[in-house]
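Enquirer: Sequence and predicted structure below; questions after.
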Amino acid sequence: MKLNVSDTGGTGRPVVLIHGWPLSGKAWEHQVGALKDAGYRVVTYDRRGFGQSEKPGTGFDYDTLAADLNGIMEDLDLQDATLIGFSMGGGEVARFIPNHGESRLRSVVFASAVPPYLLQTDDNPDGPLTQDAADEFEKNLTGDRDAFFDGFTSDFFTANGALKVSEEERQKALTLCKQSSQDAALGCMKAWATTDFRDDLKKITVPTLVLHGTDDGIVPIEGAGHRTHKAVAQSELHEIKGAPHGCNVSHAAEWNQAVLDFLAK
């Protein structure tokens, strides 16, 4: 699997940024410079099927996606690394640890992330995503992809009924959405909506930051960030007040400072 990987290089501690759905590594443009300027080696990549990476028809389950991440870690021989998973990317972080261990890791960050388990089920009543809502997502993406992505990028950056980024920023995200293959968009939608990470979180022993906007309308903080913070005993929680899902863009300064403070510990 040929993945599009970007590496700032250098001798600093590595920070691996794992993008959200259905974007690409370019969604981290507000973070790469800030982290590099602080002395870190920053690695971003496009998930299989997204951005400039190869676009296969299969392999969109989290075991495969975590294996892709592990391949990058091994190819670049990253040690003492911090994994930062945004939204869907938090699933790769959660699944990486039980499948590939913590020997290469210093710490992890769950940013607006989907764990512990989004789908509302009988044994997961606090899941914020109902089956009806999940079915509607799939129906709309299948029925009119462009219209779906247009609406999704608005919701992505909206809090309290107001768009929290410029239209230019929203259009950048929309362009990234459209680079995804439909197989990847649908396959990964199913993965982030239905994967249970509750047991995965129990295996995390490295320092952990949970970073989440309080007005996230895509992955609500109550059903995701708060539950992950509670599940990972040694985690710390940073809430970005009034922030939407895409708070790494809308509230980039606070987001970056929270991460830099965590990395410095």
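Expert: Received it, and whenever you're ready, just let me know what you need. Numbers count the residues shown, from 1 in each chain.

Enquirer: For P220, see how far away the spatially closest residue to Q120 that is not a sequence neighbour is.
Expert: Distances taken as Cβ to Cβ, 6 or more residues apart in numbering place G127 nearest to Q120, at 3.8 Å, with adjacent residues excluded. For every residue, glycine as well, the C-beta is placed using N, CA and C. Using Cβ to Cβ, to the nearest Å, G127 is found at 10 Å from P220.

Enquirer: now the helices for the stretch 51-200 of the chain?
Expert: 62-75, 89-100, 131-143, 145-156, 167-178, 182-194, 198-201 (DSSP state H, counting those that start in this stretch).

Enquirer: out of the ones you listed, which comes closest to Y117?
Expert: helix 198-201 (5.6 Å; Cβ to Cβ).

Enquirer: Now do that closest one: which elements does it pack against?
Expert: With contacts taken as 3 or more Cβ pairs under 8 Å, 6 or more residues apart in numbering; DSSP states H and E, helix 198-201 sits against helix 89-100, helix 225-231.

Enquirer: Let's see that with 6 Å instead.
Expert: helix 89-100 (3 or more Cβ pairs under 6 Å, 6 or more residues apart in numbering; DSSP states H and E).

Enquirer: So which residues make contact with the helix it packs on?
Expert: 18-20, 62, 65-66, 69-70, 83, 85, 108, 110, 113-115, 192, 195, 197, 200-201, 203-204 (Cβ atoms under 6 Å, 6 or more residues apart in numbering).

Enquirer: distance between that helix and the chain's centre?
Expert: 11 Å (Cα atoms, centre = their mean, to the nearest Å).

Enquirer: Same question for stretch 66-77.
Expert: 17 Å.

Enquirer: Equivalent analysis for stretch 74-83, please.
Expert: The answer for stretch 74-83 is 18 Å, by Cα atoms, centre = their mean.
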